[in-house]
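> here's my sequence, what's the structure:
(2 chains)
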Amino acid sequence: MSSTEHNSKRYPFCDFEPRWQEYWLRSGAFRAKNPGESGFDPSAKKRYILDMFPYPSGNGLHVGHLVGYTATDILSRYYRLRGENVLHPMGWDAFGLPAEQYAIKTGQHPRVTTEKNITRFREQLQLLGFSYDWEREVNTTDPHYFRWTQWIFLQLYHAWYNPVTCKIEPISSYQGKEPDHVRLAYVANTPVNWCPALGTVLANEEVLNGKSEVGGFSVERRPMRQWMFRITALADRLLHDLEGLDWPESIKQLQRNWIGRSQGAEVIFSLQNQPEKTITVYTTRADTLYGATYLVLAPEHPLLEELDLSPDVRKALNDYRNGCNAKSDLERTDLAKTKTGISLGLDCINPINKELIPIWVADYVLMNYGTGAIMAVPAHDERDYEFARTFSLPISPVIKTTPSLSLPFNATDGEAINSPLINGLNAIDAKIKIISWLEANGMGRTCIQYKLRDWLFSRQRYWGEPFPIIWEKGAHRALSESELPVEPPEMEDFKPTGTAEPPLAKAHEWVRYSHQATRELNTMPQWAGSCWYYLRFCDPKNQEAFVGKEVQEYWREVDLYVGGTEHAVLHLLYARFWHKALFDLGHVCTAEPFQRLVNQGMILGPDGQKMSKSRGNVISPDEVIRQYGADALRLFEMFMGPLEHSKPWSITGVEGIYRFLGRVWRLILSETPENIFQVNANIMEQPLTGAQRRVVHSTIKKITCDIEALSFNTAISQMMIFVNEFATATPTPLEAVQTLLQLLSPFAPHLAEELWVYLAEKFPSVRALGSLASESSWPTWNEEYLLFEEITYVVQVNGKIRTRLTLPSTTSQEKVEQAALHNPSVAPHLEHKKIQKVIVVPGRLVNIVLKS
RNA sequence: GCCGAUGUGGCGAAAUGGCAGACGCAAGGGACUUAAAAUCCCUUUCCGCGAAAGUGGAGUGUGGGUUCGAGUCCCACCAUCGGCACCA
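Numbers count the residues shown, from 1 in each chain, chains lettered A, B, ... in the order given. Below you'll find the predicted structure:
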């Protein structure tokens, strides 16, 4: 190749990068072999390395998406060089709202735009030389894929949670009369998050501060008939099994908070004069029962319909409830500062002391947590305190105060007072005593509550998986497996209907399943496809099962899962739930899907702000690759800093990495006057000097350890040190450069592959290691070669460095100490002082401590 | 308010309790060149003293503590970011 052709380039990446990408693709270099396939090696360790698959948006990828993908690619290539069987697939989470909304705007069918976007995403990923096994590519919108999404839905529909075995079991093991009441997938008519702007309902997890997570539209609560998943049945296992996972503590904590387990008690209060009517409250502070001075019901509490109220109160109540209904969730929380409520003019009886306390209705009590009713202890609860002050209700302390505490305090270690049964006890013992009293008297029991709600699983959309469900005479019925997949109808107009009715209602022919039965009109949420895609990757072409049994037992769980924090409680919780259900039903062999999770940090724009189209600071990989090549982009993404950190993009940083790769190129090749590249005449098959051998072996060690610790930035630093070291070495030992290429090949695979071929052509010894860098093996180091003959000790007096001392590494500690004490730069600092002690850290330093 | 993460040069960062700032960027100076690009070399935490080689001191968000020795461990606080938020 002529250098004029690439005269602005430091090395001809635009020639060899596409060439290697094409070669890898064509030769199937990164195919992972399944058990039973020819070439499958049962002795090789399996390793499943997974990226969170992307939603193929119309904008293409930006450089921030590539951080995680590059990291997993380096690991995959590294483990392959170590002889492991690496599963590293990629696919598309392609159902979803943006495609549908774009379709509505432009009239293009979402299938068309999705197909186009996927093509673009795939091209972009291939431009980076990622070593995905593309034969395993999956697409959630492909009928061959969502057939199995629907199939899994049917397994969950035909299952229930058996509270005796604490397991999910086929519905056939249910002995009761109402299987529809216990199914894991069930229909409920409950208040849901309805988003008028999106024309659909949303899961709790998709609503932030009363706004939709997608688009930020306001969300209101209204009762609708919807499909739900009984995820709360597994709340305890979802919580408990976090312990065994190698996930960032912060993500585990996020899930724990979301599940929100709390242990407390239900206490039964009966109404004065209507003893047959009772109110059950939930409290975590049973020890403060004596301090309850009133009781509060949520405005939606069903008991309110049954109570005998004076006409005035009934009217006031209705007004108040209407007022609450009109408020969105956002308003209800915004107005948190001032408490509102009305008194019912009724009293109930505190079971512990038979005192009469008034019943109030207030919207600071939520119907969807606990029992929708609380006992208010204003002395020791901020909210109750505020409410009591607003309405001049009595406040009676039942925990001993100290000078540092003022009302309301909720001390958990305080001593109970004014509470005859438990006076003097601490909170823990007091709780136990109160609860056992309540249980003994039939007035309450211990109880566990979760913040986690059941998962709202249906959406009023077109571009999603239809449910494999039909309705007949008001009852739902599952389709049989042989009727899968249920494909969405071809429709011209899939705009929201403007009512709660899903767009599929407009496909009149499709809707009619039979003379008597109609199809379910809702579709599944985007999470459905991503709940199990990691299983399909193991066996993507299987026509008989969602994943083959033997294959699943081989690949098991994902060993390393890399993605962003934004999925901390959505995808990661939902997928764990499906996985556990499949586990209980015997379809998978592990209780958890993702053993190790790593969150890559965000790449910010060059301005330090989050990359976004509106800020105009989005960096596209295409332009970077055009100027500097894929290897430079890959290497820079990893060199920027720790994988988990967010950091701003810097084009001069890419420049620096590009220079480094140019140095590697010139270390190995030189250009003839005829503009031909050939192996540098300096490179010779000759032994390393002791010092060189130390550099080579310490580099192997550092890079190996750093890759395993995911510290790619320091691994790259070490390569730079290595290159700086050998740049001036004449002659250059072949072993050094060949090792460098092996170490570099997971990071900058194109360049390493290209240079390896040059070396292999010239030197048979290189050829013998592998005709390609990617076909050689990962180098190993020898600890013996890392030792120095001489060691430089730092000599400190009272912790301050006074001199350095170079001694043979065999020098004994006593000799080192003596040498330090008698050193001419040290001696003046010791004059007229008494030495208290001398600390010698072997191989490192001497600290002389003087008496003060 | 609660929970979690992070705080080190001009910037990205590095440092099993043992030489703070490796590696890279940027900046400045030099070499090569008619010139530029590219490449190579040197300097660059701050404050003193020195013509210079040097040399003295301070320094990892703030204040305490443990230790011969702390960026690293402990306590308190501050700031930034992320999550949750009337969850009884």
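> now do the SS call for the residue of the stretch 451-600 of chain A found nearest RNA strand B.
Going by CB to the nearest atom of the strand, RNA strand B is nearest to A:Lys451 of the stretch 451-600 of chain A, at 3.7 Å. Quick note: C-beta positions are derived from backbone N, CA and C, even for glycine. Judged by DSSP: H, G, I helix; E, B strand; the rest coil, the three-state class of A:Lys451 is coil.
> give me the neighbour count for it.
16 (other CB atoms under 10 Å).
> repeat for the one 3 residues further on
Applying other CB under 10 Å, we find 19 residues neighbouring A:Asp454.
> same check on A:Asn441?
Quick note: A:Asn441 (other CB under 10 Å) scores 11 neighbours.
> touching, it and A:Leu421? I think so.
No. Using CB atoms under 8 Å, A:Asn441 is not in contact with A:Leu421, being 11.3 Å away.
> phi, psi of the closest residue to A:Phe594 other than its chain neighbours?
Closest residue to A:Phe594 apart from its sequence neighbours, by CB to CB, 6 or more residues apart in numbering: A:Tyr561 at 4.2 Å. Dihedral pair for A:Tyr561: phi -120, psi 120, per degrees, to the nearest 10.
> quick one: residues contacting A:Tyr561.
A:50, A:52, A:534, A:594-598 (CB atoms under 8 Å, 6 or more residues apart in numbering).
> just the ones in strands from the residues you listed, please.
A:50, A:597-598 (DSSP state E).
> will you turn those residues into JSON lines that also has distance to A:Arg111 and pLDDT?
Shown next, in JSON lines, are these (distance: CB to CB, whole Å; pLDDT from 0 to 100):
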{"residue": "A:Leu50", "distance to A:Arg111": "26", "pLDDT": "97"}
{"residue": "A:Leu597", "distance to A:Arg111": "32", "pLDDT": "94"}
{"residue": "A:Val598", "distance to A:Arg111": "34", "pLDDT": "94"}
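> pLDDT value on the residue nearest to A:Phe594, please?
The model reports A:Tyr561 with a pLDDT of 96.
> tell me the bridge partners for it.
Under DSSP bridges, the beta-bridge partners of A:Tyr561 are A:Leu50, A:Leu597.
> how is chain A partitioned into domains?
A:13-141+A:531-622, A:150-239+A:250-255+A:455-527, A:262-449, A:666-784, A:788-850 (automatic domain parsing).
> now do the longest one: distance to the chain's middle.
To tie it back to what came earlier, the one meant is domain A:13-141+A:531-622. 14 Å (CA atoms, centre = their mean, to the nearest Å).
> now swap in the second one and tell me
What separates the centre of domain A:150-239+A:250-255+A:455-527 from the centre of its chain is 24 Å, taken as CA atoms, centre = their mean.
> what of the last one?
For domain A:788-850, the distance from its own C-alpha centre to the chain's C-alpha centre is 50 Å (CA atoms, centre = their mean).
> straight-line length of it, end to end?
31 Å (CA to CA, to the nearest Å).
> quick revisit: nearest spatial neighbour of the residue of the stretch 451-600 of chain A closest to RNA strand B, chain-adjacent residues omitted?
That would be A:Gly260: by CB to CB, 6+ apart, it lies 2.7 Å from A:Lys451.
> what residues does the stretch 651-800 of chain A have near RNA strand B?
Within the stretch 651-800 of chain A, the positions lying close to RNA strand B (CB under 7 Å from any atom of the strand) are A:652-653, A:655-657, A:659-660, A:662-663, A:711, A:713-714, A:716-717, A:720-721, A:724, A:727-728, A:792, A:794, A:796, A:798-800.
> let's see which of those end up in helices.
A:652-653, A:655-657, A:659-660, A:662-663, A:713-714, A:716-717, A:720-721, A:724 (DSSP state H).
> out of the residues you listed, which are buried?
A:657, A:660, A:662-663, A:713, A:716 (16 or more other CB atoms under 10 Å).
> indicate the residue of the stretch 601-750 of chain A located nearest to RNA strand B.
A:Gly656 (2.5 Å).
> quick one, phi/psi of the most centrally placed residue in chain A?
Nearest to the mean C-alpha position of chain A, counting by CA atoms, centre = their mean, stands A:Ala568 at 4.2 Å. Per-residue torsions, A:Ala568: phi -50, psi -40 (degrees, to the nearest 10).
> would you map the helices across the stretch 351-500 of chain A?
A:382-390, A:427-440 (DSSP state H, counting those that start in this stretch).
> so can I have JSON lines of those showing mean pLDDT?
Listed next are those as JSON lines, based on pLDDT from 0 to 100:
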{"stretch": "helix A:382-390", "mean pLDDT": "91"}
{"stretch": "helix A:427-440", "mean pLDDT": "93"}
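> what about the stretch 501-650 of chain A, any weak spots by pLDDT?
Within the stretch 501-650 of chain A, not a single segment meets pLDDT under 70.
> do me a favour and get the end-to-end distance for stretch A:591-602?
End-to-end distance (CA to CA), stretch A:591-602: 30 Å.
> now stretch A:795-805
End-to-end distance for stretch A:795-805, by CA to CA: 7 Å.
> now tell me what touches that stretch from outside.
So stretch A:795-805 is contacted by A:792-794, A:816, A:819-820, A:823, A:825-826, A:829-830, A:845-850 (CB under 8 Å, 6+ apart).
> A:Asp413 contacts A:Asp429, doesn't it?
No. Assessed by CB under 8 Å, A:Asp413 is found out of contact with A:Asp429, at 11.0 Å.
> more neighbours: these two, which one.
Between A:Asp413 and A:Asp429, A:Asp429 has the larger neighbour count (other CB under 10 Å), namely 13 against 8.
> state the distance from A:Pro311 to RNA strand B.
With distances taken as CB to the nearest atom of the strand, to the nearest Å, A:Pro311 is found 28 Å from RNA strand B.
> neighbours of that residue, how many?
Counted with other CB under 10 Å, residues neighbouring A:Pro311 total 7.
> for it, grab phi and psi.
Dihedral angles (degrees, to the nearest 10) for A:Pro311: phi -50, psi -40.
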